[in-house]
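**Q** Here is a sequence with its predicted model. Questions after.
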Amino acid sequence: MDFLKKLQGLFQKTETLDIAQRFEMMREAVTGTMSHFHMVRDHKSGRIAGLKLLNADKTAQFEARFKGLKKPSEGEIAMLIKHPRIVETYEHGVTKSGQQYLLMEFIQGTNLSLLIKAQDPVLNGRRLGIVRQMAEAIEAVHRTGYIHRDICPRNFIYNAEQDSLKMIDFGLTVPATPEFMQRGNRTGTPIYMAPEVVRRRPTDQRLDIYSFGVTAYELLTNNFPWPVTDTTGRGAMSHDAHPPKEIREYRPELNQTLAAAVMKCVDPIVERRFESMAAFSRTIREVKRETASTTA
C-alpha cells in the first residue's frame, strides 16, 4: 500500500498559480528586501486581497541556512498562526514562474514604522493600546510554537479608524525547537536584534521579547535605548556593551509600571527579561493610561 501511494505521488500533478488568470493586479503596495506585495482582486472569490510574491533567489539563500532541517515555508507558518492581531493568510503555493506566493487579507492602514518616524499625531493617546496589541500578536506566534525573529515597527500595520494593529510578515520565522535555536543564525533587523542574536549565541523566544521591547521603547519615546550612529549588525554589537538608557529619562511622565516592563524587555541579559510575552501582558494589565497624567 505504501509503495502504491509513493507511486501515485510521483505522477501527481502539482498545481501552480497562474497570476494573470486568477487576479486583477490593482497596484503594487510594498516592495521589500525579499518579496513584492500587490493589492489584487481575486477572480475566484471576488474579494480584494494581498498577494505576496517571494524573491526566489533570496528565499533560497535564506532556506539554505537550514539545510537538512525540516523547516516549514513562510506560507506554511503563516497559515498556522490564526489570531485577530495577525494578518490572515488564505492560501500559499507556487506560481507558474516558480515563485512562492502567499494570498492574504489586504489590511487598510499605515505601517507603524512610518507613523513613528513622522511622530504622527494619530499615535497620541493610543501608544499603550498599540503596545498591548503588539504583545498579543507576538504571544500568538509563540503559543503556536514559533520564534518570529524580526519584530520591529515595519512588520506591523495600524488602522487608526479601527484602532487595530496586525503583524504582517513571517519571512524569517522559525520553529521554537532546539535545532532552530542553535548559535549562528544571525537574521533580523540589526537595530532591533537581541544581543544573543548579534553575538551568534543560542537563542529562544526571548529574542522576540527583546526586539519587542526596543520597538515599544521607540514607540513611546521616539528614541532607542542606546545612542544610534550605526544601524548595521556592527552597530548592534554595542547593545550589550552599554546599559540601555532608562526610558523615563526621555519621558519622566510615563507610567512607572509600563516603563519598568519595557526596560525589563530590553535587558541585554536573557535571564532577566520576561519569560514570556504573556508575563509582560499580565504585568501591565492594570495600567490604565500611558502616563501618570490625564494627557497621554
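**A** Now that the structure is in, tell me what you want to look at. Residues are numbered from 1 along each chain as shown.

**Q** helix or strand for I116, which one?
**A** Per DSSP states H and E: I116 is located in helix 112-117.

**Q** Just the C-alpha atoms of the next helix or strand after that helix, please, in CSV.
**A** Heading C-terminal from helix 112-117, the first helix or strand you meet, by DSSP H and E, is helix 127-143. Provided in CSV are the C-alpha atoms of helix 127-143 (Å, rounded to 0.1, in the frame of the first residue of the first chain):
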residue,chain,number,x,y,z
ARG,A,127,0.5,54.1,22.3
LEU,A,128,-0.4,52.0,25.4
GLY,A,129,-3.1,50.2,23.4
ILE,A,130,-0.6,49.6,20.5
VAL,A,131,2.0,48.1,22.9
ARG,A,132,-0.7,45.7,24.2
GLN,A,133,-1.8,44.7,20.7
MET,A,134,1.8,44.1,19.6
ALA,A,135,2.3,41.9,22.7
GLU,A,136,-0.9,39.9,21.8
ALA,A,137,0.4,39.3,18.3
ILE,A,138,3.8,38.0,19.5
GLU,A,139,2.2,35.9,22.1
ALA,A,140,0.1,34.2,19.4
VAL,A,141,3.3,33.4,17.4
HIS,A,142,5.0,32.0,20.5
ARG,A,143,1.9,30.0,21.5
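
**Q** ok so, going back, would you mark the buried spots in the helix holding I116?
**A** Buried residues in helix 112-117, counted by 16 or more other C-beta atoms under 10 Å: 112-113, 115-116. Using the backbone N, CA and C atoms, a C-beta is placed for each residue, glycine as well.

**Q** Now compare those and name the two farthest from each other.
**A** Using C-beta to C-beta, the buried residues of helix 112-117 reach their maximum pairwise distance at S113 and L115, which is 7.3 Å.

**Q** which stretches of the stretch 151-296 of the chain form helices?
**A** Listed in chain order, the helices of the stretch 151-296 of the chain (DSSP state H, counting those that start in this stretch) span 195-198, 206-221, 233-236, 256-265, 277-283.

**Q** which other helices and strands contact the fourth one?
**A** In other words, helix 256-265. In terms of contacts (3 or more C-beta pairs under 8 Å, 6 or more residues apart in numbering; DSSP states H and E), helix 256-265 is packed against helix 127-143, helix 206-221, helix 277-283.

**Q** Make a markdown table out of the ones you listed and add mean pLDDT, mean neighbour count and distance to T16.
**A** Below are these laid out as a markdown table (pLDDT from 0 to 100; neighbours: other C-beta atoms under 10 Å; distance: least, C-beta to C-beta, whole Å):
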| stretch | mean pLDDT | mean neighbour count | distance to T16 |
| --- | --- | --- | --- |
| helix 127-143 | 98 | 21 | 29 |
| helix 206-221 | 98 | 25 | 34 |
| helix 277-283 | 98 | 17 | 38 |
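
**Q** can you redo the ones you listed as CSV with distance to K82?
**A** CSV is the format used below for those (distance: least, C-beta to C-beta, whole Å):
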stretch, distance to K82
helix 127-143, 8
helix 206-221, 18
helix 277-283, 17
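
**Q** circling back to that earlier point, quickly name whichever of the buried residues of helix 112-117 is closest to T187.
**A** Checking those one by one against T187 (C-beta to C-beta), the nearest turns out to be S113, at 18.4 Å.

**Q** So which residues of the stretch 1-150 of the chain form helices?
**A** Going by DSSP H, counting those that start in this stretch, the stretch 1-150 of the chain shows helices at 2-11, 19-22, 56-63, 74-80, 112-117, 127-143.
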